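structure for this input, please:
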Amino acid sequence: MAMILIDARYYSEQLRHARRMLHLSALDTAKLLKISVNELHKYELGKRPIPSDLIFVLMHRGLALSMCRAYKIRNQQS
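As a prediction, this is how the structure comes out:
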């Protein structure tokens, strides 16, 4: 597994922010990413670098989730 050596704090803050913006619990997010809640917390706190394959999954699923949420919000306002 390749690791991207970048500022873990930046990505940990982005991960936590995205999860909160999507109103997802830590448990739901961990299930979605197929990781443990403990592992998610380590990523969110910057204690562990986020693997590149997980960043790809985050981008792919995060975009899909945000699009679904936007679609639901638009339909509720109609």
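
list the contacts for the residue nearest to residue 35 when sequence neighbours are not counted?
Of all residues not flanking residue 35 in the chain, residue 54 sits nearest, at 7.4 Å (CB to CB, 6 or more residues apart in numbering). Just so you know, the C-beta spots here come from the backbone N, C-alpha and C atoms, and that holds for glycine as well. Contact analysis of residue 54 by CB atoms under 8 Å, 6 or more residues apart in numbering lists 33, 35, 43.

read off the pLDDT value for residue 54.
Residue 54 carries a pLDDT value of 83.

cool, and residue 41?
Predicted confidence (pLDDT) for residue 41: 93.

ok, residue 12 next?
Note for residue 12: predicted pLDDT of 83.

that one: which element?
Here residue 12 sits within helix 8-21, counting by DSSP states H and E.

hang on, the earlier thing: out of the contacts of residue 54, who's the most crowded?
When neighbours are taken as other CB atoms under 10 Å, the top entry among the contacts of residue 54 is residue 43 (23 neighbours).

what residues does the helix holding residue 12 touch?
The contact list for helix 8-21 (CB under 8 Å, 6+ apart) reads 26, 29, 43-46, 48-50, 55, 58, 62, 66.
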